[in-house]
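>>> Predicted structure and sequence below. I'll ask about it afterward.
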There are 2 protein chains.
Amino acid sequence: MNTTISDIAKIAGVAKSTVSRYLNGGSVSEATRRKIEHVIKETGYIPNSFAQSLKAKKTSMIGAIVPRLDSFAASQTVTGMDEELRENGYQLLIINTSQNLSREIEALYDLARQKISGIVLFATQITESHLTAIEEIGIPVIFLGQQHEDVHSIIYDDYTAGYEIGRYILAKGHRDIAYLGVTEKDVAVGVRRKHGFQQALKEQAGASADFYESGFRMSVAVEAASRILDNRDRRPTAIVCATDNIALGVMKAAHMRGIRIPEDISVTGFGGYDVTEVIHPGLTTVKYGYAAGGRLAARQVMKLVQEESVDTLTVLDYEFIERESVDNIE
Amino acid sequence: MNTTISDIAKIAGVAKSTVSRYLNGGSVSEATRRKIEHVIKETGYIPNSFAQSLKAKKTSMIGAIVPRLDSFAASQTVTGMDEELRENGYQLLIINTSQNLSREIEALYDLARQKISGIVLFATQITESHLTAIEEIGIPVIFLGQQHEDVHSIIYDDYTAGYEIGRYILAKGHRDIAYLGVTEKDVAVGVRRKHGFQQALKEQAGASADFYESGFRMSVAVEAASRILDNRDRRPTAIVCATDNIALGVMKAAHMRGIRIPEDISVTGFGGYDVTEVIHPGLTTVKYGYAAGGRLAARQVMKLVQEESVDTLTVLDYEFIERESVDNIE
DNA sequence: CAACGCTTTGGAACCGGTTCCGATGCTTTG
DNA sequence: CAAAGCATCGGAACCGGTTCCAAAGCGTTG
């Protein structure tokens, strides 16, 4: 069943170094080439990549540590990474942590044990143990989605995007706004988007906002939205949501109550998920190029592996997409 | 940087076999245990898993070959697999083929080279080369989503689901129906769902359907839907779609034309994607338990690896979900 | 006190490849 | 025709672990 290079050599009547040379394009005579070729076809020999990597002391694998796979952002990003890596002869090894922070640390050591060449970490929070682990494994790591000065980072321009959403909502005449965000532990989504929004708010006299917190899951968002919508004596004219998923939850909660969007209340999202385009009304949101982000992360990590220099911080652009979910109430 | 077991042994003043014994829980005296422990902590030694697997001649990895990652079904399934495998000490290696059939074959050989223990193939089409590859690599393989008599298979009950959708639509009084399907090369989605639907149709006098073909992507579905909707002199009262994505495309195409759902035309889907619940109107569809399917596939492949017996064919249940996208026109 | 048994340890072989180096045989050149 | 050069090949060492076996050290027992 499991033929080795020695078997091939023995059957072909040559030394295993010759077989190895044949496999790796060394100088082999036409006669032996044919012999070996024939034996390999005959036996269905497949080289053992462990033995190869053992000698080479490295693999052509790049690891991706993701908090979850079943999210639009994650799957898009991973797909982008995978394609870029494959085009360059690398293989992607995905580790799903199921949003378990300590599992990220384990994953780091795990990947080191497997002599992975580089790692892209889809970060949500960055702790001390992350940094010591990265230090200890001695493998290039890139943060995607969060930044830290000691580690190469790629982030989306959440602050400016939040600012632009805020400006837009205000320009549409909204003054009583609810901001439905997420935990501040997630710096990018929970803090930076909100701060951008707050900056816009500060620049506009007479505008005020209440801040609420939700989870990432749509079901939690529906609940959080209910709290806002059921507050009869102080209902905002617009709800700004920190993610598209949350916005979807708000829209559902509104629809269940017969509240129309955008006539009765306006909604915005963040992310640019595909569905935001097909639903009715279309969701005004900010679109991030997740696939492009994944490709870039892949390119950068490959550079780091080859010991080329890479910018410590890369900020990715976004695209503001205006659809129908915001009413002009001037 | 890269300390080996020999380094540890030298520093600790013991033989490397002793260190290995320490690491794998053999009998080591308290004194040497402490010495080795200390040195390992000091150096941050991480064993090279290649060398381990080389000797062990296997890994604790299971491979998943998926046509694409950025689909609801795939990411749910993969997540389920991953969790089940991790709980049992296996690691998942995902290979994304970007819907390139020949890459599935490459992936098969690739995984063999890496001495993966078992493989779950998210099948769309099964060709001769698939079967010879599976034969040749000598590793347990499970088909998920398609069946073949020679390979362990897990499928969803597409035929019955299609039948039930058909019965439902007919019971609601629809007689002029458009079926928007996909290529017949995909036996599960393209053939079995359709056949189930056709069976229901055959049992109902006076009902007829036109069959159209679309791709899996929503944008293609929008186009295909347009052909149906713009055919003024023969517009069906209902469109049955082979996937939720296609149904979403139909809904968008309808909305762009001011055609109301379900008042002007009814729509059904297949799959049970999360979004079908939050959109308005809610999409009547059939829900598959993708995560559960993934877990089951994982369990079966682990059994095969341990040379336990497994049913050749497992048929997974579905759940019919009635929402608001179908009108009663009796 | 010799024989025995148990725990602990070191040495060596092995897993399946790659690579370096030296030997061989053939062709080319002066 | 001898010397030099080149392509081809075999042997051995090596990558970093695991495992088998024999030896050493120790206490127990008759």
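Noted; the coordinates are in hand. Numbers count the residues shown, from 1 in each chain, chains lettered A, B, ... in the order given.

>>> host element of A:Glu37?
helix A:30-43 (DSSP states H and E).

>>> Strands of chain A, start to end?
A:61-66, A:91-96, A:118-122, A:141-144, A:152-156, A:176-181, A:208-213, A:238-241, A:266-268, A:285-288, A:313-316, A:318-321 (DSSP state E).

>>> Most tightly packed of these?
strand A:238-241 (a mean of 30; mean count of other CB atoms under 10 Å in any protein chain shown). In this view, the C-beta of every residue, glycine as well, is placed from N, C-alpha and C.

>>> What are the contacting residues of the lowest-mean-pLDDT helix or strand in chain A?
Every helix and strand of chain A was ranked by mean pLDDT, DSSP states H and E. The lowest is helix A:275-278, at a mean of 88. Helix A:275-278 is contacted from outside by A:244, A:247-248, A:269, A:282-283, A:285, A:321, A:323, B:218, B:248-249, B:251-252, B:275, B:279, using CB atoms under 8 Å, 6 or more residues apart in numbering or on different chains.

>>> Filter these down to the buried ones and hand me the ChimeraX line.
Those of the contacts of helix A:275-278 that count as buried under 16 or more other CB atoms under 10 Å in any protein chain shown are selected in ChimeraX with:
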select /A:244,247,248,269,282,283,285,321,323 /B:218,248,249,251,252,275,279
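
>>> what residues does chain A put near DNA strand D?
Residues of chain A lying close to DNA strand D (CB under 7 Å from any atom of the strand) are A:13-18, A:21, A:27-32, A:51, A:54-55, A:57.

>>> TSV for the strands of chain A, including mean pLDDT?
Output for those, formatted as TSV (pLDDT from 0 to 100):
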stretch	mean pLDDT
strand A:61-66	97
strand A:91-96	96
strand A:118-122	97
strand A:141-144	98
strand A:152-156	98
strand A:176-181	96
strand A:208-213	94
strand A:238-241	97
strand A:266-268	97
strand A:285-288	97
strand A:313-316	97
strand A:318-321	97
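
>>> For the stretch 151-300 of chain A, which residue gets nearest to DNA strand D?
Nearest residue of the stretch 151-300 of chain A to DNA strand D, counting by CB to the nearest atom of the strand: A:Val151, 25.5 Å away.

>>> OK, contacts around that residue?
A:131, A:134, A:141-143.

>>> Check the burial of A:Trp226 by counting its neighbours.
Not quite, residue A:226 is Ser, not Trp. 17 (other CB atoms under 10 Å in any protein chain shown).

>>> Surely it is in contact with A:Ala253?
Yes - at 5.2 Å, A:Ser226 counts as touching A:Ala253 under the criterion of CB atoms under 8 Å.

>>> tell me the domain ranges of chain A?
Following automatic domain parsing, chain A resolves into domains at A:5-47, A:58-155+A:290-311, A:158-288.

>>> right, so of the ones you listed, which gets closest to DNA strand C?
Comparing those against DNA strand C with CB to the nearest atom of the strand, the closest turns out to be domain A:5-47 (2.8 Å).

>>> Now do the end-to-end distance for the closest one.
End-to-end distance for domain A:5-47: 7 Å, by CA to CA, to the nearest Å.
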